[in-house]
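Asker: The sequence and its predicted three-dimensional model are supplied below.
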Amino acid sequence: MAFTQYTNLDFEEIKVSLREYLRANSNFTDFDFEGSNLSVLIDTLAYNTYVTAYNTNMVANESFIDSATLRENVVALARNVGYVPSSRRAATANVSFTVDLGSGTTKSSVTLKSGLVALGDFANTNYTFCTPEDITSPVTDGFAEFTIDIKQGTFVTNEFVVDTSQPNQKFIIPNPYVDTSTLKVQVRDTLTSSSRKTYSQIDNIVGISTHSETFLIQEIQDEKYELLFGDGVLGKKLSNGNVINSTYIVTDGVGGNGVSNFSFSGKLVDNDGGLITSGISDVIVNQRSSNGAEVESIDTIRNLSTRVYSAQHRAVTANDYESIIPTIFPNAESVTAYGGEDSSPPQYGKVFLSIKPKNGRFISDFDKRELLDKLKRYSVAGIRQEFVDLKYLYVEVDSTVYYNTNAVANVNNLKTSIRNSLETYANSSDLNSFGSRFKYSKVLNIIDDSSSAVTSNITKVIIRRNLDVDTANFAQYELCFGNKFHNRNKGYNIKSTGFTVDGIRGVCYFTDTYIDDKTGRLIIFRLNNTGEVQIVNNNAGTVKYDIGEILIDTIRILSTIKSDNVVEIEAIPDSNDVIGLKDLYLQLSISHSNISCVADIISTGADTSGANYVSTSSFTNGSKVRGVAITDTSTISTTTTTTSSTTTSTSSSSSSSY
């Protein structure tokens, strides 16, 4: 039997091949039945061949970053292009406290020693918070004030002695779960030396000389890290007997987020070294702990390593920024970047950035400032970076599901099954990111496949943005949906929840009137006690159907029916496939979606002719408002603007939306 005849590595197919070979050899007889001794040997040979083939296939897979499954192998392959995966990140909280030394004190400063600072309590779990370095505060009128960032975890110190007699000596940090951003390395000449030289951590060798006191890190087995020093050509080489002192924080990562209750447990000393144990105030929390993150996942390493390599440690294109930001801000769940030439109006020489953090909805102003400082190392001169808060674009479905009553006992259980299936899709990688796409055909299949009782579905798609209202001021608003609106040429393509307006009595709503295929006029109306529309402002802004944009002229909205000063505004997309364009973060909102079930009397056999079949429209309903309509009995008159001449001097402000 020639080797080239192997075309299948399935266990049973291997056995068949072996039997065929033995049948062709007249020296073997009485083997072609399961109970024979030779059949047992054939099974053994087939099993050995199968295992060998499987192992060979797995070894081949582990040789390529796209198919490797073991973390050590993926990390090693990423190392070939100079990529170091992000470690865990400690959650950070900002706290304040004071130390009262008394009005007659002669002490000039108070120092908080590195290490443990406070104990935090959250969800019946205790967490330690520390600082990786000493912090000194001056004493003024007997008081020393501290406002500091503390990181969740345990402060750890390790020492290594350089021994050049060991040709392959390695300096491995023995603790996993290290936050490498807190890693500090100092080197002493000998064990008895008191002076220390601080070495800087680098991620590339650009600008490194023979005398550069630098080090690199690389991840090895079990998510531990190894310290790498220069060889005398690229970076200063360590000498025999040098002592390496490393300090870092071992953290719980994302588990440390959300802590807002602290008790002080640190060590304070005065400028003479005296220990301070009294006069310490309660810890005030300025910002609860956040930005804790887990070690970078295998999928992220695969995705980012090659992209960061292509960026070559410089940010020129939008893709470069999208690759670099996750490496310097591991809490980023999704990143989008686009040039100012793509904005409207164009702003040349700018790049706009938006980040969805893993924890929370928006990144803080502090994080934005830190990121801008870090990006200066990568950006090209003349290009300015600007962060914009991400905007959420919600997709809702209104689905009428036909089902066979003979195949399901409880229709509520069927609805639950459908919602659970849609929730799974809502949390998938198709959505929940910038540039993602809501795939209509996939959603139809998900609903149909959610239960064997489902026979068909009629599903309509709605897109929604939430307008965040500034109730204190007159303001102008801009809502970009990033998707072309469906235009019925009759108006009422836009619907909103209710709100009240300065100078107008009653609950008002937004909608549109048709001008042409590209443009509509935004109007404000309310409903009388019979539900009829009464227009109170027939020129409140502009609706651009062709690009999916709503511009609201100067208006002061006093209150909203929805909580948190939000007006929900919806439209029908021209395409049922919805795109998260530029800084729009796409989400499928199941809580705002509607699932209704209708008995399919044709499938059950109750109406074989279809004469009594209940059909469902594939188009929108006739409601003119979003949600429950609120009517009013008062008399109103039509106006052309909501602002009178007495308010023209009032300053206008632009308000954000999400």
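Answerer: Perfect, I can see it now. Residues are numbered from 1 along each chain as shown.
Asker: isn't there a strand covering Ser354?
Answerer: Yes. Looking at Ser354 with DSSP: H, G, I helix; E, B strand; the rest coil, it is inside a strand.
Asker: Who are the contact partners of it?
Answerer: Residues in contact with Ser354 (C-beta atoms under 8 Å, 6 or more residues apart in numbering) are Val335, Thr336, Ala337, Phe387, Val388, Asp389, Leu390, Phe434, Lys582, Asp583, Tyr585. Heads up, the C-betas are built off the backbone N, CA and C, glycines and all.
Asker: Please report the distance of it from Gly256.
Answerer: Separation of Ser354 from Gly256 (C-beta to C-beta, to the nearest Å): 26 Å.
Asker: Quick one: the helices in the stretch 251-400 of the chain, in order.
Answerer: Ranges of helices in the stretch 251-400 of the chain, per DSSP state H, counting those that start in this stretch, are 298-311, 318-328, 365-375.
Asker: Output the ones you listed in a markdown table, with mean neighbour count appended to each entry.
Answerer: Converted to a markdown table, the helices of the stretch 251-400 of the chain look like this (neighbours: other C-beta atoms under 10 Å):
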| stretch | mean neighbour count |
| --- | --- |
| helix 298-311 | 17 |
| helix 318-328 | 20 |
| helix 365-375 | 15 |
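Asker: how about those, which one is nearest Asn594?
Answerer: Judged by C-beta to C-beta, the one of these that comes nearest to Asn594 is helix 298-311, at 33.9 Å.
Asker: Who does Glu463 form a beta bridge with?
Answerer: For residue 463 the amino acid is Ile, not Glu. Val395, Ala571 (DSSP bridges).
Asker: what sits against it?
Answerer: Counting by C-beta under 8 Å, 6+ apart, Ile463 touches Leu393, Tyr394, Val395, Glu396, Phe481, Asn483, Gly548, Glu570, Ala571, Ile572, Pro573, Val578.
Asker: Pull out the buried residues from stretch 279-297.
Answerer: Residues 279-280, 283, 285, 288-296 are the ones in stretch 279-297 that count as buried (16 or more other C-beta atoms under 10 Å).
Asker: Kindly report the same for stretch 181-191.
Answerer: For stretch 181-191, by 16+ other C-beta under 10 Å, it's Ser181, Thr182, Leu183, Lys184, Val185, Val187, Arg188.
Asker: How about the first one: what's its closest non-neighbour residue?
Answerer: The shortest distance from Ser181 to any residue other than its chain neighbours is 6.6 Å, reached at Arg89 (C-beta to C-beta, 6 or more residues apart in numbering).
Asker: That neighbour reaches Ser290, doesn't it?
Answerer: No. Using C-beta atoms under 8 Å, Arg89 makes no contact with Ser290, being 10.4 Å away.
Asker: Enumerate every residue touching Ile462.
Answerer: Val395, Glu396, Val397, Asp398, Glu570, Ala571, Ile572, Pro573.
Asker: quick one, helices of the chain?
Answerer: Assigned by DSSP state H, the helices in the chain fall at 11-23, 37-61, 71-79, 298-311, 318-328, 365-375, 411-426, 440-449.
Asker: now the most centrally placed residue in the chain: how far from Gln287?
Answerer: Among the residues of the chain, the one closest to the centroid is Glu333, at 2.3 Å (C-alpha atoms, centre = their mean). According to C-beta to C-beta, Glu333 stands 20 Å off from Gln287.
Asker: thinking again about what came up before, take the contacts of Ile462 and lay them out in JSON lines including neighbour count and distance to Ser559.
Answerer: Listed next are those as JSON lines, based on neighbours: other C-beta atoms under 10 Å; distance: C-beta to C-beta, whole Å:
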{"residue": "Val395", "neighbour count": "25", "distance to Ser559": "28"}
{"residue": "Glu396", "neighbour count": "17", "distance to Ser559": "24"}
{"residue": "Val397", "neighbour count": "23", "distance to Ser559": "30"}
{"residue": "Asp398", "neighbour count": "16", "distance to Ser559": "28"}
{"residue": "Glu570", "neighbour count": "21", "distance to Ser559": "20"}
{"residue": "Ala571", "neighbour count": "24", "distance to Ser559": "23"}
{"residue": "Ile572", "neighbour count": "19", "distance to Ser559": "27"}
{"residue": "Pro573", "neighbour count": "21", "distance to Ser559": "29"}
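Asker: tell me the two of the residues you listed that are most distant?
Answerer: Going by C-beta to C-beta, the pair spanning these furthest: Val397 and Ala571, at 14.5 Å.
Asker: quick revisit: what's the closest of the contacts of Ile463 to Asp100?
Answerer: Tyr394 (51.5 Å).
Asker: mind listing what that closest one touches?
Answerer: Contacts of Tyr394 (C-beta under 8 Å, 6+ apart): Ile463, Arg464, Arg465, Asn466, Gln587, Leu588, Ser589, His592.
Asker: Thanks again, I'm all set now.
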